[in-house]
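Trainee: Sharing a sequence plus its predicted fold:
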Amino acid sequence: MVSIISRSAWGARPPRSRSTTTWSRRVEVTVHYSQGPTTQTPRQIQDYHMDSNGWADIGYNFLVDNQGNAYEGRGWLVIGAHAAPRNTEGIGVCFIGRDGDATSAAKRTIRALYDDANHRAGRTLAQKGHRDINPTSCPGDDLYAWVKSGMPVDGEPPPDTPPWPGVYLRYPPITRHSSVTTWQSRMRYRGWRITVDGAYGPKSKNVCVQFQREKRLLVDGIVGPQTWRATWEAPITP
């Protein structure tokens, strides 16, 4: 779980109104940037949204600064005002800063919020940048490329290499491993029905076999270099 700085801790104003949704209607996490300096505070962003935009509250569900601190905006199930017409479907997470400002710490926290959302929803949500929904430059080229690459964090294998040196994902599994979770999440994101549990069991192998047939790869049920790379090929339409 992510440690989140509460609204009261950052001095949030009370909302003028609020509408809620359910986890069954949440299907995606949408990443934004504030397009302002990293010194912005959530309260400054809230003041702008409420006083200049006339919104009921700060628009985002969560915000993240470049130290990796997470701030509660509207929260998990309050409908935001960040990416119409998909505010009910999407959880908006805003990085406080401009294009290129996002640190590894900030990305780790955004990813942690995404993982937490998946846990709460009980399924894998789509990963989106604001520009996937509206004609905008948000969340900047750097964060957008990171989102479309699957939100990788430190310690995860890059998409153009085998899962880890000398060992491929196969059944029977050697052990639970973050590489398995990464592959399962990616396959789930591509639309395959697969459980994301970090264990490469018979169901994961079956998905791998079907995927290899679809991509006309060697059908062996093993996620080796070719299958791993194919998992990350664009385009991906959740």
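Mentor: Looks like it arrived, so ask away. Residues are numbered from 1 along each chain as shown.
Trainee: all strands for the protein, in order.
Mentor: 4-5, 28-33, 62-64, 70-72, 90-95, 126-129 (DSSP state E).
Trainee: closest to Tyr171 out of those?
Mentor: For the strands of the chain, proximity to Tyr171 was assessed by CB to CB; strand 126-129 is nearest, at 26.9 Å. C-beta: built from backbone N, CA, C; applies to glycine.
Trainee: how about TSV for the strands of the chain, with mean neighbour count, mean pLDDT and distance to Gly54 added?
Mentor: Output for the strands of the chain, formatted as TSV (neighbours: other CB atoms under 10 Å; pLDDT from 0 to 100; distance: least, CB to CB, whole Å):
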stretch	mean neighbour count	mean pLDDT	distance to Gly54
strand 4-5	18	95	26
strand 28-33	26	98	19
strand 62-64	28	98	20
strand 70-72	22	97	22
strand 90-95	28	98	18
strand 126-129	21	94	25
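Trainee: Ok, which of those strands comes nearest Thr195?
Mentor: Closest among the strands of the chain, using CB to CB: strand 126-129, at 17.2 Å.
Trainee: So what are the sheet partners of that closest one and their directions?
Mentor: Strand 126-129 has the following sheet partners, assigned by DSSP bridges: strand 28-33 (parallel).
Trainee: which residues sit against the partner strand?
Mentor: Strand 28-33 has contacts (CB atoms under 8 Å, 6 or more residues apart in numbering) with 60, 82-83, 86, 89-99, 101-102, 110, 113-114, 117, 125-130, 132-133, 138-140, 143-144, 147, 238.
Trainee: need the helices for the protein, in chain order.
Mentor: Per DSSP state H, the chain carries helices over the ranges 7-10, 42-47, 104-121, 141-148, 178-189, 202-215, 225-231.
Trainee: Can you add mean pLDDT and give those helices back as JSON lines?
Mentor: Shown next, in JSON lines, are those (pLDDT from 0 to 100):
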{"stretch": "helix 7-10", "mean pLDDT": "97"}
{"stretch": "helix 42-47", "mean pLDDT": "98"}
{"stretch": "helix 104-121", "mean pLDDT": "91"}
{"stretch": "helix 141-148", "mean pLDDT": "89"}
{"stretch": "helix 178-189", "mean pLDDT": "75"}
{"stretch": "helix 202-215", "mean pLDDT": "93"}
{"stretch": "helix 225-231", "mean pLDDT": "82"}
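Trainee: As TSV, the ones you listed with distance to Gly36 and mean neighbour count would be great.
Mentor: TSV is the format used below for those (distance: least, CB to CB, whole Å; neighbours: other CB atoms under 10 Å):
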stretch	distance to Gly36	mean neighbour count
helix 7-10	16	14
helix 42-47	8	18
helix 104-121	14	19
helix 141-148	14	18
helix 178-189	30	21
helix 202-215	42	17
helix 225-231	36	17
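Trainee: Determine how far stretch 72-92 lies from the middle of the whole chain.
Mentor: 14 Å (CA atoms, centre = their mean, to the nearest Å).
Trainee: coming back round to it: now the helices of the chain in JSON lines, with distance to Gly73?
Mentor: Output for these, formatted as JSON lines (distance: least, CB to CB, whole Å):
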{"stretch": "helix 7-10", "distance to Gly73": "8"}
{"stretch": "helix 42-47", "distance to Gly73": "7"}
{"stretch": "helix 104-121", "distance to Gly73": "11"}
{"stretch": "helix 141-148", "distance to Gly73": "17"}
{"stretch": "helix 178-189", "distance to Gly73": "24"}
{"stretch": "helix 202-215", "distance to Gly73": "36"}
{"stretch": "helix 225-231", "distance to Gly73": "33"}
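Trainee: May I have the distance across stretch 64-83, first residue to last?
Mentor: 17 Å (CA to CA, to the nearest Å).
Trainee: tell me how far it is from the chain's mean position?
Mentor: Its chain's C-alpha centre and that of stretch 64-83 lie 13 Å apart, by CA atoms, centre = their mean.
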